[in-house]
Structure formats: structure tokens, C-alpha cells
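Q: Fold the stuff below for me.
(2 chains)
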Amino acid sequence: GAVVSQHPSWVICKSGTSVKIECRSLDFQATTMFWYRQFPKQSLMLMATSNEGSKATYEQGVEKDKFLINHASLTLSTLTVTSAHPEDSSFYICSARPLTGLAFFGQGTRLTVV
Amino acid sequence: GNSVTQMEGPVTLSEEAFLTINCTYTATGYPSLFWYVQYPGEGLQLLLKATKADDKGSNKGFEATYRKETTSFHLEKGSVQVSDSAVYFCALTETDSWGKLQFGAGTQVVVTP
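A: Down below sits the predicted model:
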């Protein structure tokens, strides 16, 4: 089946630094990628939708200047958490969708900001 | 707006027991419904789906029927195994935003030998 690789699986960073998370579709071209975050014992919440070559569309309440999303190629999207703070600690997960059909999920990234 | 509500966990069962995880939804249109499973340390995997009322999705012994009248999509399995221990997510998507999923909170299932 289709594979989506997300890297890193977990990361610990100091408050005030930036962290980049990568999401790659390994065996298909992802015209659309989605970024979600999940707080402990809560739902996955959609943060943004990105189409290759366009600016990402952010959900209400998500700060676009804090969560920078780049989708420069059909196989790679990145999420950069800028000036991270402890309240940004969460589980971030991407999904990638080909032109037709369902999206496939990465394995997620556990971010801890100390 | 749309929302998905599923029963809280953890649900602890003995091997070969019957599993039900309740899921209800609210949606403005006619969504497609999904169950995803997340095994420890892995990403979400699609378990089954149903795209219209009365459809039954099934996979790996799991089943769920799209019930429009009760806005439900309960997941069932007749005889669970230890390997079914995971977190299960109910989700929906509107057909005009295919791939943009609204998730329930997830239900952890623990199956003991």
C-alpha cells in the first residue's frame, strides 16, 4: 500500500527554538497534504491543508506565522513550528492524498518543548 | 459544524470477547464515514469505510454500518485478539472536501490473553 513517511518520530526542543517536521509520500504523488495535531486524550484536529505549489489553507484559530507549512514538491511537505513554547507540545501527524482516492497517514511526530 | 463523538476508553477485554465501539456524528451534508486504527508506535491506518447510508464497511473481522437515521457508525468485532489492541478513531469527511477528516477522540482498546 501507499507509504507516507514522517520525520522525526519524536523531538525535544528548547523553548524559543524552531522545529521542522517532514512528511513524504514515498510511492505516490501527493497533490494535497493535511497537517493535524492531537493533544493528549483528544481528537486529531486539522491545522491546515496544503496543495503543491500553493499557500496552505489554515483552519480557524491556527496561527499561520507560527506553523509554517511548505509543500514545494509533490512528495514533500514540511511543518515548521517557529519559536516553540511548551504549549505547542503535542502529537503532529500528516496525511497525503493522491489526485484521486483517500489520504494516507504518516506515523506522527511527538513534539516536546522544554 | 461537523463533529464526531465516540465512546471513551480505555476498553479492556479478554481475548475472544465481543467488541463494540460507539460512534455518532453530526454533519451538515452527507458525509463518508471511516474507522482508523493506530497500533502502538505506528501511524493511522484505514480500517474500513462507508460512503452512503446503509453501507456496511468490513475488514479484518471488523464491521460498521452507516446508519443515517441514528447518525451512527458503531464498530464491532465478534472475537477480538491480543493483536487488536490499539487506538481506534471514528472519522468523517464531506464529499466536497475529500480527505479533510473530522476525527473522534479515539478509543483505546486493550485485549488481554
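
Q: Enumerate every residue touching the residue sitting nearest the centre point of chain A.
A: Nearest residue to the geometric centre of chain A (C-alpha atoms, centre = their mean): A:W35, 3.9 Å. Neighbouring residues of A:W35 by C-beta atoms under 8 Å, 6 or more residues apart in numbering or on different chains: A:C23, A:L46, A:M47, A:A48, A:S50, A:F67, A:I69, A:S77, A:L79, A:Y92, A:I93, A:C94. Bear in mind the C-beta positions are built from the backbone N, C-alpha and C, glycine included.

Q: Could you tell me whether the last one really is in a strand?
A: Yes: the assignment for A:C94 (DSSP: H, G, I helix; E, B strand; the rest coil) places it in a strand.

Q: Could you check how far B:Y88 is from chain A?
A: 13 Å (C-beta to the nearest C-beta, to the nearest Å).

Q: cool, B:T12 as well?
A: Taken as C-beta to the nearest C-beta, the span from B:T12 to chain A is 16 Å.

Q: Hmm, that residue is touching B:S85, no?
A: No: judged on C-beta atoms under 8 Å, B:T12 makes no contact with B:S85 at a distance of 9.5 Å.

Q: ok, back up a step: so the residue nearest to the centre of chain A bridges to which residues?
A: A:A48, A:C94 (DSSP bridges).

Q: Look at A:E87 and tell me its secondary structure.
A: Assignment for A:E87 (three-state DSSP): helix.

Q: show me the residues around it that make contact.
A: So A:E87 contacts A:V113 (C-beta under 8 Å, 6+ apart).

Q: hmm, try it at 10 Å
A: A:S15, A:F39, A:V113 (C-beta atoms under 10 Å, 6 or more residues apart in numbering or on different chains).

Q: Got the confidence number for it?
A: You'll see A:E87 listed with a pLDDT of 94.

Q: still on that earlier bit, B:T12 and B:S85: who's more crowded?
A: Counted by other C-beta atoms under 10 Å in any protein chain shown, B:T12 and B:S85 do not tie: B:S85 has more neighbours, with 17 against 12.

Q: I figured the more buried one hits B:V109, correct?
A: Yes: counting by C-beta atoms under 10 Å, B:S85 does reach B:V109; the two are 6.0 Å apart.

Q: Mutual contacts of those two, please.
A: B:P10, B:T12, B:L13.

Q: okay, now the first one: neighbour count?
A: Just to be clear, that refers to B:P10. 11.

Q: Which pLDDT value goes with residue 75?
A: Going with chain A. Value for A:T75, per-residue pLDDT: 94.

Q: not quite, I wanted chain B
A: The model's pLDDT for B:L75 equals 98.

Q: Tell me the spacing between the nearest residue to it once chain neighbours are set aside and chain A.
A: Nearest residue to B:L75, sequence neighbours excluded (C-beta to C-beta, 6 or more residues apart in numbering or on different chains): B:I21, at 4.4 Å. Distance of B:I21 to chain A, given as C-beta to the nearest C-beta: 15 Å.
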